[in-house]
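K.L.:
Have a look at this prediction, sequence included:
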2 protein chains.
Amino acid sequence: MAVHNGTPAMPDSRIRNEALRARLTTAEQAAELIRPDSTVAMSGFTGSGYPKVVPMALARRIEQVAAAGERFRIRVLTGASTAPELDGALAKVDGIELRLPYQSDPEARQRINDGTLNYIDTHLSHVAPHAWFGFYGDIDTAIIEVSAIREDGALVPSTSIGNNKTWLDLARQVIIEVNQWQPAGLEGMHDVYYGTALPPDRVPIPLLAPGDRIGETILRCDPAKIVAVVETNGPDRNSPFKALDQASIDIARHLVDFLKHEVARGRMPKNLLPLQSGVGNIPNAVLAGLAEGGFRDLTAFTEVIQDGMLDLLEAGVLATASATAFSLSPEANERFKQKIDFFRERIVLRPQEISNHPELVRRLGCICMNGMVEADLYGNVNSTHIMGSRVQNGIGGSGDFARNGFLSVFVSPSTARNGSISSFVPMVSHVDHTEHDVGVLVSEQGLADLRGLAPKQRAQVIIDRCAHPDYRAMLKDYFDRASRDSYGKHTPHLLAESLAWHQRWLDTGSMRT
Amino acid sequence: MAVHNGTPAMPDSRIRNEALRARLTTAEQAAELIRPDSTVAMSGFTGSGYPKVVPMALARRIEQVAAAGERFRIRVLTGASTAPELDGALAKVDGIELRLPYQSDPEARQRINDGTLNYIDTHLSHVAPHAWFGFYGDIDTAIIEVSAIREDGALVPSTSIGNNKTWLDLARQVIIEVNQWQPAGLEGMHDVYYGTALPPDRVPIPLLAPGDRIGETILRCDPAKIVAVVETNGPDRNSPFKALDQASIDIARHLVDFLKHEVARGRMPKNLLPLQSGVGNIPNAVLAGLAEGGFRDLTAFTEVIQDGMLDLLEAGVLATASATAFSLSPEANERFKQKIDFFRERIVLRPQEISNHPELVRRLGCICMNGMVEADLYGNVNSTHIMGSRVQNGIGGSGDFARNGFLSVFVSPSTARNGSISSFVPMVSHVDHTEHDVGVLVSEQGLADLRGLAPKQRAQVIIDRCAHPDYRAMLKDYFDRASRDSYGKHTPHLLAESLAWHQRWLDTGSMRT
């Protein structure tokens, strides 16, 4: 099944099924098939594998309709974040009524926080099952990017899988974008598990190690549902790789030291346990630190493959990586394309309900490392909301991993916005991960190991190890007074001032007194 | 293996292994084996199956030591809540340094909230794996109640299993209490899964339906570790059954109507999906409502079997019930003993890491119904803390179920303490279940279906359907002003007053203005 297509013999050889080739059309004509007030499920995860042209054609149509005085809005479901060509274009013309489950587009974020775009922030592993349960209503249209259509009509995924299997299965009609820019050599890298079911018919997922293949390399779709096929040739949203900053390097050092210590204490195998890491600079620094730390034969069971993982695979530090999407810099993407046969042996892309599945995260015992906005004295973590009300991107998969893994680590620089915000506060202004789900906190200042500690003990180590020196005395002062005057002394709080730091920042531009 | 012992022929026939019978001793002598500053893991879950005499003997010893001016404290780990003979007795003599994972004893709770007893509130499914991972340090002693010791030395569990398998496996030394009060007919009702492992060696748990048996009916223990066997003859903490109050009946009615509606919409099978319900009056009312509503062939995959489940099993409404413990009234307990052969065919007791396992809760697709302290406008739920600082009992298994089940329902009367507290507030004072994990809220006023709703939409239905009429205008006023003036309008909040309701209750005794 995993036949490598090689260099295409004909310009259109990416569409190898005759019946579907007959449905080739333009982005504009495909966009005409989408009705106002419908639910449109699209491919895309961390800026890869999203449809490149039909959403923009739809945005132009929405703009025309709006110029004629009519409103045209849709509900947009994806895997996770997409790009300006999708979220940006549709948000700009006010074309999105409801968005889920994760976004990072400035235009969409602005509308969400202006209160004009409804956004549902959802655990990434929950989206597919909740769609199957009918919690989001009917899916009218799916727009899915693929890298090729095989002779038998099977769809070869591109650089992310996300919820594509679910969208193809559930949607009334399907529009396929075939992106020539995506390397033909992706074929064979995917593993689409077709064993999911609705309860009470669910069975164990037969995956025992991150590299296991339990499904098919392609996505299936009833050809009768495919109403349009559009050819594209555009790059994913590949952000340039940023040089590692000192805070990221320091955080990585604390974390790698801790992991070495855990191995030495016999609490983890020498090659650790499958790594999950969020997206960004700090995870890349941690991966670099693991390589320098002498670790070998590591595995990753995660959402997203970034530059750092390619480095580790090439260096032999990482043996296998499982994810649902890539998020590569343009340089890394070039390297990936050149060595795609090497990477295809070591990388498995899965649907996000499998990459993030609680059953698998718990069975494999992942070491889960995620960024955060802020943590409080008692270990509650806010991953999503600035000052309690303004959503940044969304919870993503952090909850899927933090709740179920072997070890739950959250990382952040100790301050933000030039020190005007402390990432360690008396009480977080929004909770995404409760005290029950947070094992270790790390900042550039140090690492707080919260395992086996009661709330007041946690407060002490968080203040001492993680908080920035500029905020330590303030935190200590709050904690001491709360320990004396709080209604209950299990989780001491002075409710009249527990969120005062955030209010002060809103009022004065700084959390400092 | 599941041989029913029948009426004992000899008074001591519950201890049928000669080598272990030779270790029969008194509670006082057994208590002498416990050292100060050690970690003692005990049986017990919702007031059943806890050791009845050794903890009290230990408490007397601690009191004597204290009278001599010395301090004697231990770390106490259990399944969940126990009884005055355990938590109460040890807390009263200040003998507990650290307690986990769940408690409901007034004496222990007082000390926790006075700040003199460290308490770690943990998901009940996490306790066994975290103990195996070494997160709680070494387990020095296990004190485990059983209903019998077989000829081969195997231990027949009593009315709860909780973490007993883990405690027996991990503890350096073991003290067994054999309780003659427990019915001999319990033998064969338990299913102790011995297939767990540490990562990376974990495999799928082969359970496909709530009634499946995947393990053994007994607990194993290396006899060399058993340092004392003590005979007891005492009842579990069986609380009398309270007549259903009107609020519970109303909540149950809303929920049963909703479930009927979901079945009619084709979103659930006619016999629903496995039910999980918390402990208390409301769950009993819901079970009664399901029986009256004409449901048949239901199953339960839950933590605790209460009176209501026995009724449903007898009526044939419930086909099978899986749990880790009983919590029966004295009347129900009598009925249980008399019909134990009937119930043994229909009830399976499992270790709590299996009864609450995320893999199984997700696979089975449980309908999860749990109580709460309060919920906020956006669907965040507080299950544990009064006014943000004073812990009540603990999160228990609510997170294991709410995060992973098919449907996550939280229930509460709309007010507490004679209406001075609203259970629906602008912002919860503590978060145990985030907006991502809450599907439906129910009060006696009505039911708010939050599925597929963005935060501001949720606020509208929570105010309209669940809040008490006395507090609706106040909630609406906060929400309207926050929607206008909040920093971000995704989750509108006015941080200077988001917790003011709680502060007002602390200051004036009422949340009302």
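P.N.:
That came through, no problem. Residues are numbered from 1 along each chain as shown, chains lettered A, B, ... in the order given.
K.L.:
Retrieve the pLDDT associated with the closest residue to chain B within the stretch 401-513 of chain A.
P.N.:
Proximity of the stretch 401-513 of chain A to chain B (CB to the nearest CB) peaks at residue A:488, 2.6 Å away. All C-beta atoms are positioned from the backbone trio N, CA, C, and that covers glycine. Looking at residue A:488, its pLDDT reads 98.
K.L.:
List the residues that contact it.
P.N.:
Under the criterion of CB atoms under 8 Å, 6 or more residues apart in numbering or on different chains, the neighbours of residue A:488 are B:113, B:385-387, B:389-391.
K.L.:
which residue packs closest to residue A:422, ignoring adjacent ones?
P.N.:
residue A:471 (4.1 Å; CB to CB, 6 or more residues apart in numbering or on different chains).
K.L.:
Would you agree that neighbour is in contact with residue A:479?
P.N.:
No: using CB atoms under 8 Å, residue A:471 is not in contact with residue A:479; the gap is 11.9 Å.
K.L.:
What are the structural domain limits within chain A?
P.N.:
Listed domain ranges for chain A are A:3-232, A:246-473 (source: automatic domain parsing).
K.L.:
Highest mean neighbour count out of these?
P.N.:
Counting by mean count of other CB atoms under 10 Å in any protein chain shown, domain A:246-473 has the highest mean neighbour count of these, with a mean of 22.
K.L.:
Quick check: longest helix in chain A by residues?
P.N.:
If you go by DSSP state H, chain A has its longest helix at helix A:246-264.
K.L.:
model confidence over it, on average?
P.N.:
96.
K.L.:
What is that helix packed up against?
P.N.:
On a contact count with 3 or more CB pairs under 8 Å, 6 or more residues apart in numbering or on different chains; DSSP states H and E, helix A:246-264 meets helix A:281-292, strand A:407-411, strand A:440-443, strand A:446-449.
K.L.:
can you state the direction angle for it and helix A:281-292?
P.N.:
50 degrees (axes from the mean of the first three to the mean of the last three CA atoms, to 10 degrees).
K.L.:
circling back: among the contacts of residue A:488, which are in strands?
P.N.:
Applying DSSP state E to the contacts of residue A:488, the entries found in strands are B:385-386, B:390-391.
K.L.:
Looking at the residues you listed, which is nearest chain A?
P.N.:
residue B:390 (2.6 Å).
K.L.:
Find the nearest non-adjacent residue to the closest one, please.
P.N.:
Residue nearest to residue B:390 in three dimensions, not counting chain neighbours: residue A:488, with 2.6 Å by CB to CB, 6+ apart.
K.L.:
now swap in residue A:504 and tell me
P.N.:
Leaving aside its sequence neighbours, residue A:504 sits nearest to residue A:511 (CB to CB, 6+ apart; 5.7 Å).
K.L.:
and residue A:145, that's in a helix?
P.N.:
No: applying DSSP: H, G, I helix; E, B strand; the rest coil, one finds residue A:145 to be strand, outside a helix.
K.L.:
Assess the claim that it and residue A:161 are in contact.
P.N.:
No: taking contacts as CB under 8 Å, residue A:145 lies outside contact range of residue A:161: 10.7 Å.
K.L.:
any residues in contact with both of the two?
P.N.:
residue A:49.
K.L.:
residue ranges of the helices in the stretch 351-500 of chain A, please?
P.N.:
A:352-355, A:358-364, A:398-404, A:455-461, A:469-485, A:500-508 (DSSP state H, counting those that start in this stretch).
K.L.:
Could you check the angle the fifth one makes with helix A:500-508?
P.N.:
The reference is to helix A:469-485. 130 degrees.
K.L.:
elements contacting helix A:469-485?
P.N.:
strand A:421-422, strand A:424-425.
K.L.:
Let me see the mean pLDDT of the first one.
P.N.:
So that's strand A:421-422. In the prediction, strand A:421-422 has an average pLDDT of 98.
K.L.:
what's the spacing between it and its chain's center?
P.N.:
Here the centre of strand A:421-422 is set off from its chain's centre by 25 Å, with CA atoms, centre = their mean, to the nearest Å.
K.L.:
As CSV, could you dump the C-alpha coordinates of the lowest-mean-pLDDT helix or strand in chain A?
P.N.:
Using mean pLDDT, DSSP states H and E, the weakest-scoring helix or strand in chain A turns out to be helix A:281-292, at a mean of 90. C-alpha atoms of helix A:281-292 as CSV (Å, rounded to 0.1, in the frame of the first residue of the first chain):
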residue,chain,number,x,y,z
ASN,A,281,11.1,27.8,21.1
ILE,A,282,11.3,26.1,24.5
PRO,A,283,10.5,22.6,23.2
ASN,A,284,13.1,23.0,20.6
ALA,A,285,15.6,24.0,23.3
VAL,A,286,14.6,21.0,25.4
LEU,A,287,15.2,18.7,22.4
ALA,A,288,18.6,20.3,21.8
GLY,A,289,19.4,19.9,25.5
LEU,A,290,18.4,16.2,25.4
ALA,A,291,20.8,15.6,22.5
GLU,A,292,23.6,17.4,24.4
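K.L.:
looking just at contacts, which helices and strands does it meet?
P.N.:
helix A:246-264, strand A:275-277, strand A:304-306, helix A:307-315, strand A:367-371.
K.L.:
From residue B:319, how far off is the closest residue to chain B within the stretch 151-300 of chain A?
P.N.:
Nearest residue of the stretch 151-300 of chain A to chain B, counting by CB to the nearest CB: residue A:199, 2.6 Å away. According to CB to CB, to the nearest Å, residue A:199 and residue B:319 sit 16 Å apart.
K.L.:
what is residue A:407 paired to in the beta sheet?
P.N.:
With DSSP bridges as the criterion, residue A:407 is bridged to residue A:367.
K.L.:
Arrange the helices of the stretch 351-500 of chain A in a markdown table, one row each, with mean pLDDT as further columns.
P.N.:
Below are the helices of the stretch 351-500 of chain A laid out as a markdown table (pLDDT from 0 to 100):
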| stretch | mean pLDDT |
| --- | --- |
| helix A:352-355 | 98 |
| helix A:358-364 | 98 |
| helix A:398-404 | 97 |
| helix A:455-461 | 98 |
| helix A:469-485 | 98 |
| helix A:500-508 | 98 |
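K.L.:
export those to TSV and tack on distance to residue A:188?
P.N.:
Output for those, formatted as TSV (distance: least, CB to CB, whole Å):
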stretch	distance to residue A:188
helix A:352-355	17
helix A:358-364	22
helix A:398-404	27
helix A:455-461	47
helix A:469-485	51
helix A:500-508	50
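K.L.:
wait, doesn't residue A:276 sit right on residue A:406?
P.N.:
No: assessed by CB under 8 Å, residue A:276 is found out of contact with residue A:406, at 10.1 Å.
K.L.:
residues shared between the contacts of those two?
P.N.:
By CB under 8 Å, 6+ apart, the residues touching both residue A:276 and residue A:406 are A:366-368.
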